[in-house]
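In: structure here, sequence nowhere to be found:
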């Protein structure tokens with residue numbers, strides 16, 4: 001376990017060795033590796049080396065991760081599924097939601113990560129009609145744009161909390177409320193938001209929320225968390241499953257499918273035990289830093305970044321109002337791949353999507369990192385759109 005004392009952000013930065021050599025500001029792609037997470041990987045290897053197959057420990061760690069994540073979002077552990085990816089989590093829900101009795105429309109937004117759209121379009125094989133909501137008059141996709149597209153045929157509304165392409169942050173409470181008023185279930189992809197701000201699924205009154213350990217949760221790929229509101233659990237019966245989704249995982253009964261009554265029914269086969277241990281370590285760091293303080297810290301850095309980009313006559317793809325953007329700031333570019341490469345040559349790690357440079361600060365970044373990014377952008381003004 002991590003030391004329970006609360007360290008400053010500057011002290012927490014020392015947990016991440018990459019800053020010895022790089023300016024890493026790419027958490028929207030992959031969170032930086034910490035010493036604490038590395039220690040979790042080593043603990044897994046040691047357990048395998050010494051004990052061979054410590055299944056009891058692995059199951060206990062799985063339930064620890066479930067409970068720890070539930071505590072972060074004010075949910076019950078029984079409302080949390082653990083899968084290997086958002087693809088698997090959304091797929092379990094997508095195959096299990098009924099698309100009949102006149103309700104066959106699935107409404108998705110044009111801000112979805114491919115995993116979301118692909119899973120819902122795959123349901124066309126069982127009668128789904130997928131519709132896409134694009135930006136409205138504001139230039140962004142607002143809750144009212146999504147609500148206007150709903151009909152009495154809508155069964156599912158899939159929306160992204162923070163868009164991976166432009167950083168737009170959706171009002172997911174408003175979207176969920178509108179979906180429920182229309183008799184639909186709202187499935188929210190929170191992968192680009194989880195770990196950057198406080199999240200209370202009860203206060204927001206959410207239906208389903210999906211996120212993972214890869215990015216701002218500071219662990220690694222291979223573990224996804226999914227919250228499912230308790231009254232919905234028994235109504236959704238996935239068409240893909242595994243032994244960890246059963247009511248008794250050690251019953252070992254191949255003669256029937258006996259779903260858990262909890263959100264574990266959306267789990268699947270043998271969990272990625274090393275990733276589970278890494279995720280616990282990543283959550284330790286998020287808990288220590290405190291999501292509300294992370295949000296405040298990152299907003300301050302992003303205010304500095306946005307002003308600097310404007311001073312360089314650059315253009316933002318991200319809304320200027322912090323209420324409408326997450327931790328990632330997207331900067332328009334004439335050649336985003338060339339701009340990422342130019343910054344990397346200066347030791348600055350970023351990423352790009354959809355014509356935009358993505359700069360994504362986290363708890364370990366500081367003002368010097370932002371200034372380094374702005375200095376590199378100044379050198380490469382020709383690549384700013």
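Out: Sure thing, it's come through. The structure displayed is predicted, hence computed values, not measured ones.

In: okay, now the domains of the protein?
Out: Listed by automatic domain parsing, the domain ranges of the chain are 9-32+290-383, 45-286.

In: could you check how far the shortest one is from the centre of its chain?
Out: The gap between the average C-alpha position of domain 9-32+290-383 and the chain average comes to 18 Å, counting by Cα atoms, centre = their mean, to the nearest Å.

In: count of residues packed around residue 180?
Out: Applying other Cβ atoms under 10 Å, we find 14 residues neighbouring residue 180. C-betas here are computed from N, CA, C, even on glycine.

In: so it is in which element?
Out: In the assignment (DSSP states H and E), residue 180 maps to helix 172-181.

In: for that helix, give the mean pLDDT please.
Out: Averaging pLDDT along helix 172-181 gives 98.

In: counting contacts, what elements does that helix pack onto?
Out: The contact analysis (3 or more Cβ pairs under 8 Å, 6 or more residues apart in numbering; DSSP states H and E) places helix 172-181 against helix 143-149, strand 154-160, strand 185-189, helix 201-204.

In: returning to what we had before: tabulate the domains of the chain (CSV), appending distance to residue 39.
Out: As requested, those are exported to CSV (distance: least, Cβ to Cβ, whole Å):
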stretch, distance to residue 39
domain 9-32+290-383, 10
domain 45-286, 7
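
In: returning to that earlier point: can you tell which of the helices and strands packed on helix 172-181 is closest to residue 372?
Out: strand 154-160 (29.2 Å; Cβ to Cβ).

In: and for the closest one, what's in contact with it?
Out: 90, 94, 97-99, 103-109, 111-113, 116-117, 120, 128, 146, 150, 170, 172, 175-176, 178-179, 182-189, 192 (Cβ atoms under 8 Å, 6 or more residues apart in numbering).

In: buried subset of those?
Out: Buried members of the contacts of strand 154-160, counted by 16 or more other Cβ atoms under 10 Å: 90, 94, 97, 99, 103-109, 111-113, 116-117, 120, 128, 146, 150, 170, 172, 175-176, 178-179, 182, 184-189, 192.

In: helices of the chain, residue ranges please.
Out: Using DSSP state H, the helices found in the chain span residues 9-13, 35-51, 55-73, 86-96, 114-122, 143-149, 172-181, 201-204, 230-233, 273-289, 291-311, 336-345, 367-379.

In: how many neighbours does the nearest residue to residue 103 once chain neighbours are set aside have?
Out: In this structure, residue 103 finds its nearest non-sequential neighbour in residue 155, 4.0 Å apart by Cβ to Cβ, 6 or more residues apart in numbering. The number of residues packed near residue 155 is 23, by other Cβ under 10 Å.
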